[in-house]
Structure formats: C-alpha cells, structure tokens
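Visitor: model the structure of this input:
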Amino acid sequence: MRTKNNPKLLQTKYVDDGMINRVADLFDKAAMSYYYGVIDEEKDNTAVTNYKKQKGRLNYYECLLAVIDYFIGDVDLKVDDEVKKQIDDCLEAFNLDANENGINSEEIRRAFLLLDIKGFKNLNFSLDLITPDTIGLLITNFINALFSKTKIVEVLDFNFGVGNLAYTLLNHAEPFIKLSGIDNHLLFTKVAVAKANMMLEDINMYYEDALTFLPSHIDIIVSDLACYDYEQTSYHSELYDKGVKYFPYLAIEHYLKIENKHFQIYLIENTFFSKPGSSEFYNMMAKYGHIDALITLPESFFQKKEDAKSIIIISNQPLDKIQTNVFMLPDVKEQDKFVAQIEQIQAFLRKRKEELK
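Guide: Here you go, the predicted structure:
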C-alpha cells in the first residue's frame, strides 16, 4: 500500500457494518474527487451511454481504479494539488481508521461490493452480473463439506466477473483457497485484480476466453455461468462441431478435460436442461462426467420469479445407472427445514467425495 502505516488485515470473520460503510464512503469520495478533477463533460460523460457499445473516456470504475493504483502502487494521479489533497485526505482517513479499529478482508469485500453497484449503474450494466452473497455463502457450505479434510483447495472461476462469488468463498471457506480466475471482459478483470490487491489476496487472474485456457490441476470449479450462444470460428470441440453453441454446455465439456479428479459447482438458469443441444450434452456427460446433484433454489433468493436459478454439482467421473440427486431448498423463512436440507446436501457431498478417492 502507498503509505508506510499500512493497515494490517485482521484474521477474523467478525464484520463491522460501520467499517464497511466508512470504507465505501471514503473510496467513493476519492473516486469522485478524481472524476471532477479531470472531467471534460463533452468527452467524459458516460451517464447516458452504453459502455458495451459506446465507450466514453472516463467512467466511475476508471476513476476508482486510478485511486486504488495510486493508493497501492503509488501510480501518479494527473490532477492539480487541491484535488490530490482531497484524495490523500480520504486515503489517510482510511488508513487511520483501519489501524485504529482493525479491518478484515470480508469488510473490504463488502465495501467494494457497494462500489460495484455504483459502477454497474454508471455503465448501465445489469446487477444480475454480480452473484449475490447468499449464493456465495451457500456454495461455501458445499465446499466445506467436500473438503472438510483438506487444508488447501485449488479453486477456479472461469466466469470471474468482478469477483464477488470467488471472494465470498475466499473469505468464508474453512480450507485455504488457492484461487484462479478467468474473464474475457478487460474492465471486470482490472476491477477483480484491484479488489484482490486491496484485500492483500494473492490470486492468479487471466484475461482471456474461458474456452481457450485449461489448467493442469484444479480441485473444484465454481462459477455463475454466463448464458449465451458462443461463436468462435476457430474453436473446435465434440459439442461445438455438432452445432451446440450454448456456452454453459461448452464450458462444462471443456473443463471436464482437466485430468485430475475434481468437482464443478455451477449456478445455472432453470431452463438449462432444455436448451438446443441438450441431447448432445447428455451424451457427452455420459462419457466424461456425472451430474451428482441438482439443487433448486428458493424464489426468494432472486428479485423476480423468472430470474430464479438452480445449482448443479458435477464430478468428472462417469457413473453408469446412477441418478442425479435432486434437492429442493425451502424458503429461508422456514429456517428449520432450510438448515435440515443444507445438512442433508452436505452429508451427501461428504459421501460423494469419499467415493471419488
């Protein structure tokens, strides 16, 4: 970090909501100070543009990244002295607060999630691209069950985005998480790396097409699958060459090629099993892997009923004549039933892990 009095991250899961809000406010104020210090309204106003199609020179995320680079890497800000003093005051206030009261990685993650929401709104991105904390914590429970006897777990998220799912796992999983990520969106990649630096976390992050990269060893893949038709004339696979273009099918096929025994946990849309190419997907799975569990999530997890999703858990070991275990999570308001179902899933996963040894 930029100053000598670097705040030390506490190794605790206790979370102070006040600290989260103060961190978010200070970095937001610093980012906006930078924005107003360099803004040229004729060139930089992105409030009415779609960043995917019409890219302005400046947006909220670019300002926030500039402030983080200045704070962590001492990258100079090309602003006048008055603006730099405003930014310095915010960063010094953060350092002072963190050193006096302590701060942990989870508080930083949650603070920057608030800034993510502002960044997404500025660029007209759907907030659905950010995996909710509830999903991340649920998947963390499954990882804890699968790897209850493992000290270090290598995790890959090839649809990393701004990292909310992966960083939730990182902060809450019981084993130590060795994290790798892939994303083909340059801005998201930059934001994800910046947040890792703020949390003092060492991750391997790759900016590239998820279907062009294959790691040699991964214990578990966890991803909130992007749902679209993949088009790349130079790409070839058993499914793609048969005309299958649904990205989740192709991604699962691709990562089943990792040779060591591993698991894959995916958040999927509820129409996953009825997409074009589903029969070819089933045939591929019969040869290379197995869907161990399908977990339907309560509609209350999502803003709209039609946005409801499910979780599938896959192993790369084909199993003849063994059906997929189906679990239906009740609404969290039915607390006893909800907890009982989670415990049932965890027990199943511990048993499944033993079978794969």
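Visitor: give me the contacts around the helix or strand hosting residue 156.
Guide: Using DSSP states H and E, the element containing residue 156 is strand 152-157. Outside of strand 152-157, the residues within contact range by C-beta atoms under 8 Å, 6 or more residues apart in numbering are 143, 147, 163, 165-166, 169, 173, 175-182, 215, 217-223, 255. Using the backbone N, CA and C atoms, a C-beta is placed for each residue, glycine as well.
Visitor: would you map the helices across the stretch 151-300 of the chain?
Guide: 164-172, 186-198, 247-255, 278-288 (DSSP state H, counting those that start in this stretch).
Visitor: and the angle for the last one with helix 247-255?
Guide: What that stands for is helix 278-288. Per axes from the mean of the first three to the mean of the last three C-alpha atoms, to 10 degrees, the angle that helix 278-288 makes with helix 247-255 is 20 degrees.
Visitor: so which bits of helix 278-288 are buried?
Guide: 280, 281, 284, 285, 288 (16 or more other C-beta atoms under 10 Å).
Visitor: including distance to residue 337 and pLDDT, could the residues you listed go into CSV?
Guide: Conversion of the buried residues of helix 278-288 to CSV gives the following (distance: C-beta to C-beta, whole Å; pLDDT from 0 to 100):
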residue, distance to residue 337, pLDDT
280, 37, 97
281, 32, 97
284, 35, 96
285, 31, 95
288, 35, 94
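Visitor: before we move on, back to that, among the contacts of strand 152-157, name the buried ones.
Guide: In these, burial by neighbour count holds for 143, 147, 163, 165-166, 169, 173, 175, 177-182, 215, 218-223, 255, counting by 16+ other C-beta under 10 Å.
Visitor: show only the entries of these found in strands.
Guide: Using DSSP state E, 177, 178, 179, 180, 181, 182, 220, 221, 222, 223 are the members of the buried ones among the contacts of strand 152-157 that sit in strands.
Visitor: what separation do you get for residue 72 and residue 220?
Guide: Distance of residue 72 to residue 220, computed by C-beta to C-beta, to the nearest Å: 29 Å.
Visitor: go on, residue 149?
Guide: Taken as C-beta to C-beta, the span from residue 149 to residue 220 is 14 Å.
Visitor: ok, now residue 353?
Guide: 10 Å.
Visitor: now do residue 244
Guide: Taking C-beta to C-beta, one finds residue 244 at 25 Å from residue 220.
Visitor: repeat that for residue 25.
Guide: 36 Å.
Visitor: tell me the gap between stretch 170-189 and the middle of its chain.
Guide: 6 Å (C-alpha atoms, centre = their mean, to the nearest Å).
Visitor: first-to-last residue distance for that stretch?
Guide: Its start and end residues considered, stretch 170-189 measures 17 Å (C-alpha to C-alpha, to the nearest Å).
Visitor: let's number from 437 now, not from 1
Guide: In the new count, where the first residue is 437, that last one comes out as stretch 606-625.
Visitor: go ahead and list the helix or strand containing residue 518.
Guide: helix 517-537.
Visitor: next secondary structure after that helix?
Guide: Going down the chain from helix 517-537, the next helix or strand is strand 539-540, by DSSP H and E.
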